[in-house]
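Enquirer: let me see the structure of the following:
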Amino acid sequence: MQQQLAELAQAAAHPLEVARHWKAEHGQRVIGHFPMHFPGELAHAAGAMSVLIQESEDPISIGLGSMFPFYCGYTRSITDQALKGEFEFLDAILFGDHCVQLLGAADVIRCNLPNTRILFNQLISSMDAPWARAQARATFQSLKEELEELIGHPITNESLHGSIAVFNRNRRLMRRVYDLRRAGKVAISARQVQDIVKSSMVMDKDRHTALLEKLLQQIESGPPARPYGVPVYLSGHMCQPPKLALLDMIESCGAIVVDDDLYHGYRYISTDISESGDPLDALADWYLLRNRRVPCPTRADNHADWDTFLVNAATQAKAQGVIILMAKFCEPHMYYYPELKEAFDRAGIAHLLIETEHESMPLEVFKTRVETFLEIIKRRAAA
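Expert: Numbering: from 1, shown residues only. All right, here's what the predicted structure looks like:
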């Protein structure tokens, strides 16, 4: 078990190195993309490796003069990486549209990487509009055509169905890890779960799936290792993963993370794509359905409330509290937070808001707040 987890952690820690090595070994294209709505299946069907561009652990230096200081750490970090030449090996980059800060980062990267193919993916954000499905399908059709132009030949329905099946298999295995964690049948840390999900964003899918199969086989063949601690639910961080030191600190205080809706977590793996019928129809349905499964504050849908979802998810996971991790200057999350707070207060669910930053975080201050939060939960339970 430790061998598989170590390889996944290594890939999660060095995503660009993994992608460069894969490109050198296979001689095929690597396509980078922004979170949160690009289906990597399209790049895979084009014979390329899709790599979700990650926030770097390095301090921001060159990029300081290219982005506003009040933009989030993720957008400032990826801009800094681009200006340092870290993305020059990529054959194309797909930019998303779900945040004005990402649009700003896209403009800077486009200007500074003139030799890198830029693909722009502007998906409809009104998820319950009558024309939403048709618009989403048209966007995926346009993206498919751009990829076909890049590789010089058509992407067949058969190849796209095959890629969808590969990705679905990978997602199902990760959801199995989540099921075991919710049921208390495996003592797996928040750090390890993040490594599992993050590595799937940057590794060859077949290799990642093989490691997951071995990992689950060892977990399920051994005796249940029940975790101990105050069960909590983690929410937030739309684009970048929480710092591992922060996750370690939360659990070192006596908490045990039983579930989450993090992007580098359940949000990323929540929804499969249909493996039958027209694959572009399937992609459009996936795009709409996943927002019903795990609502996103950057999407507008009268039939999916993030606050209602979180209350139900925390209750079903038997979490005694919710810790909200908000990336500093994340406008969609900031705007939505008052509704989340009101919903938790109405439901009587204890919650703690922690605002995170790229460069540094006052972990000792956070530790005091988490310890106090857990003590409140314990006293509520005792009362």
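Enquirer: can we go C-alpha only for contacts and neighbour counts from here?
Expert: Will do.
Enquirer: extract the C-alpha trace of stretch 28-48 and format it as PDB.
Expert: C-alpha atoms of stretch 28-48 as PDB (Å, rounded to 0.1, in the frame of the first residue of the first chain):
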ATOM      1  CA  GLN A  28       3.300  12.300 -28.100                       C
ATOM      2  CA  ARG A  29       1.700  15.600 -27.400                       C
ATOM      3  CA  VAL A  30       0.900  17.000 -23.900                       C
ATOM      4  CA  ILE A  31      -2.000  19.400 -23.500                       C
ATOM      5  CA  GLY A  32      -2.300  21.500 -20.400                       C
ATOM      6  CA  HIS A  33      -5.600  22.900 -19.200                       C
ATOM      7  CA  PHE A  34      -7.100  25.000 -16.500                       C
ATOM      8  CA  PRO A  35      -9.700  23.800 -14.000                       C
ATOM      9  CA  MET A  36     -12.600  23.100 -13.600                       C
ATOM     10  CA  HIS A  37     -14.700  22.100 -16.600                       C
ATOM     11  CA  PHE A  38     -12.300  20.700 -19.400                       C
ATOM     12  CA  PRO A  39     -12.900  17.000 -20.100                       C
ATOM     13  CA  GLY A  40      -9.500  15.500 -20.400                       C
ATOM     14  CA  GLU A  41     -11.100  12.700 -22.400                       C
ATOM     15  CA  LEU A  42     -11.000  14.900 -25.500                       C
ATOM     16  CA  ALA A  43      -7.200  15.300 -25.300                       C
ATOM     17  CA  HIS A  44      -6.800  11.600 -24.500                       C
ATOM     18  CA  ALA A  45      -8.800  10.700 -27.600                       C
ATOM     19  CA  ALA A  46      -6.500  12.900 -29.600                       C
ATOM     20  CA  GLY A  47      -3.600  10.800 -28.600                       C
ATOM     21  CA  ALA A  48      -2.300  13.400 -26.100                       C
END
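Enquirer: can you give the distance of that stretch from its chain's centre?
Expert: 15 Å (Cα atoms, centre = their mean, to the nearest Å).
Enquirer: report the buried residues of that stretch.
Expert: By neighbour count with 16 or more other Cα atoms under 10 Å, stretch 28-48 contains the buried residues 29-48.
Enquirer: report the mean confidence score over the host helix or strand of C111.
Expert: Element membership for C111, per DSSP states H and E: helix 100-112. On average, the pLDDT along helix 100-112 is 88.
Enquirer: now swap in stretch 182-202 and tell me
Expert: Summarised as a single mean, pLDDT over stretch 182-202 is 94.
Enquirer: mind checking the SS state of L352?
Expert: Secondary structure, DSSP: H, G, I helix; E, B strand; the rest coil: L352 is strand.
Enquirer: hang on, it packs against Q320?
Expert: No: proximity of L352 to Q320 does not meet the contact threshold set by Cα atoms under 8 Å, at 11.7 Å.
Enquirer: the two: which is more packed in?
Expert: Q320 (21 against 17; other Cα atoms under 10 Å).
Enquirer: now that one: how far from A187?
Expert: Here the criterion is Cα to Cα, to the nearest Å. By it, Q320 lies 18 Å from A187.
Enquirer: in contact with the closest residue to M127 other than its chain neighbours, which residues are there?
Expert: Excluding its sequence neighbours, the residue lying closest to M127 (Cα to Cα, 6 or more residues apart in numbering) is D301, at 5.2 Å. Taking Cα atoms under 8 Å, 6 or more residues apart in numbering as the contact definition, D301 lies against S126, M127, D128.
Enquirer: which of the residues you listed sits closest to G162?
Expert: G162 lies nearest to M127 out of the contacts of D301, by Cα to Cα, at 27.1 Å.
Enquirer: which elements pack onto the lowest-mean-pLDDT helix or strand in the chain?
Expert: One helix or strand of the chain scores below all others by mean pLDDT, DSSP states H and E: strand 117-120, with a mean of 85. Under the contact criterion of 3 or more Cα pairs under 8 Å, 6 or more residues apart in numbering; DSSP states H and E, strand 117-120 touches strand 92-95, helix 132-151.
Enquirer: try 10 Å this time
Expert: Here strand 117-120 touches strand 30-33, strand 92-95, helix 100-112, helix 132-151, going by 3 or more Cα pairs under 10 Å, 6 or more residues apart in numbering; DSSP states H and E.
Enquirer: give me the contact list for that strand.
Expert: 31-33, 90-97, 106, 109-110, 139, 142-143, 146-147, 150 (Cα atoms under 10 Å, 6 or more residues apart in numbering).
Enquirer: any regions of the stretch 151-300 of the chain where pLDDT drops low?
Expert: Across the stretch 151-300 of the chain, nothing is flagged by pLDDT under 70.
Enquirer: which parts of it are helices?
Expert: 157-182, 190-202, 205-221, 244-252, 266-269, 279-293 (DSSP state H, counting those that start in this stretch).
Enquirer: report the buried residues of the shortest one.
Expert: Spelled out, that is helix 266-269. By 16+ other Cα under 10 Å, the buried positions in helix 266-269 come out as Y266, R267, Y268, I269.
Enquirer: then the fourth one?
Expert: By neighbour count on 16+ other Cα under 10 Å, the buried set for helix 244-252 is L246, L247, M249, I250, E251.
Enquirer: give me the helices and strands touching it, please.
Expert: If contacts are counted by 3+ Cα pairs under 10 Å, 6+ apart, helix 244-252 sits against helix 190-202, strand 230-236, strand 255-260, helix 363-382.
Enquirer: same thing with the shortest one?
Expert: When contacts are defined as 3+ Cα pairs under 10 Å, 6+ apart, helix 266-269 sits against helix 157-182, helix 190-202, strand 230-236, strand 255-260, helix 279-293.
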